[in-house]
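In: how would this look folded up:
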Amino acid sequence: MSEENPIDEVSAEENEITAELAQLKQAEQEAQKKSADYYDQLLRLRAEFDNYRKRVEKEKVEARQWGKQDVIMPLLSLVDVFEQAMAQAENAKDVKQVAVGLEFLHKNFSSFLKNEGLTPIDLVGKAFDPHLAEAVEQVEVEEDQVGQVLGEIQRGYSLNGRIIRPARVRVGVAKQPTIK
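Out: Okay, here's the model as predicted:
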């Protein structure tokens, strides 16, 4: 039987521990390097995001400013028509000429609004719908007209299918019996 030297055993254990320690130090250095890389990436992403956020905010402000141009440009032609109508009205000898000019202006303006997605809500003669209109007046009517919209006091409008202003209307109600 061979006996191992206790010094050799300690030396072997020492070598094993030293090797493990070296591996752990190398793993720690790699982990620190990865951590530093991740932190650097985080800082870069944060800076990129801040720049992106600032750029988007600036673009939003510019879009609001210049987006108005799309609405204003067609309005300028309506202003021209309006100015022409006013000039014609000053020289008009007949009220009919002024009415024709106003009708032309109204037609152009209505066309512009329609192209922008604005449509009037037509309710006269139809059943009253509280989602589309506000009843501001009630008129006693025959039974066949109860619940119908009899007239508009103020026209309602929808923009691209969404109600932006409900109509203000007169609605038919049943006649109250007269007491004698």
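In: residues of stretch 138-156 that come out buried?
Out: By neighbour count with 16 or more other C-beta atoms under 10 Å, stretch 138-156 contains the buried residues Val141, Gln145, Gln148, Val149, Leu150, Glu152, Gly156. Quick note: C-beta positions are derived from backbone N, CA and C, even for glycine.
In: Check the separation of the first and last residues in it.
Out: Counting by C-alpha to C-alpha, to the nearest Å, you get 18 Å between the two ends of stretch 138-156.
In: mind checking how far that stretch is from the chain centre?
Out: 35 Å (C-alpha atoms, centre = their mean, to the nearest Å).
In: Check stretch 123-132 too.
Out: 27 Å.
In: do the same with stretch 76-87
Out: Centroid separation for stretch 76-87 versus its chain: 32 Å, with C-alpha atoms, centre = their mean.
In: What are the buried residues along it?
Out: Taking 16+ other C-beta under 10 Å as the criterion, stretch 76-87 shows Val81, Phe82, Ala85 as buried.
In: Just after the helix or strand that the first one is a member of, pick out the following helix or strand.
Out: Secondary-structure element containing Val81, defined by DSSP states H and E: helix 6-91. Proceeding C-terminally, helix 6-91 gives way to helix 95-115 as the next helix or strand, assigned by DSSP H and E.
In: Tell me the helices and strands packed up against that following helix.
Out: helix 6-91 (3 or more C-beta pairs under 8 Å, 6 or more residues apart in numbering; DSSP states H and E).
In: try it again with 10 Å
Out: Judged by 3 or more C-beta pairs under 10 Å, 6 or more residues apart in numbering; DSSP states H and E, helix 95-115 is in contact with helix 6-91, strand 118-121.
In: what angle do that helix and helix 6-91 make?
Out: Going by axes from the mean of the first three to the mean of the last three C-alpha atoms, to 10 degrees, helix 95-115 is angled at 170 degrees with respect to helix 6-91.
In: now helix 95-115, how far from the chain's geometric center?
Out: On C-alpha atoms, centre = their mean, the centre of helix 95-115 falls 31 Å from that of its chain.
In: Can I get it in CSV? Just the C-alpha atoms.
Out: Taking Å, rounded to 0.1, in the frame of the first residue of the first chain, the C-alpha atoms of helix 95-115 are listed here in CSV:
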residue,chain,number,x,y,z
VAL,A,95,-82.0,92.2,-54.1
LYS,A,96,-82.2,89.1,-56.3
GLN,A,97,-78.6,89.6,-57.4
VAL,A,98,-77.5,89.6,-53.8
ALA,A,99,-79.5,86.5,-53.0
VAL,A,100,-77.8,84.7,-56.0
GLY,A,101,-74.4,85.7,-54.7
LEU,A,102,-75.2,84.5,-51.2
GLU,A,103,-76.6,81.2,-52.6
PHE,A,104,-73.4,80.7,-54.6
LEU,A,105,-71.3,81.4,-51.5
HIS,A,106,-73.4,79.0,-49.4
LYS,A,107,-73.0,76.3,-52.0
ASN,A,108,-69.2,76.7,-52.1
PHE,A,109,-68.9,76.7,-48.3
SER,A,110,-71.2,73.7,-47.9
SER,A,111,-69.1,71.8,-50.5
PHE,A,112,-65.9,72.7,-48.7
LEU,A,113,-67.4,71.4,-45.4
LYS,A,114,-68.6,68.2,-47.1
ASN,A,115,-65.1,67.6,-48.5
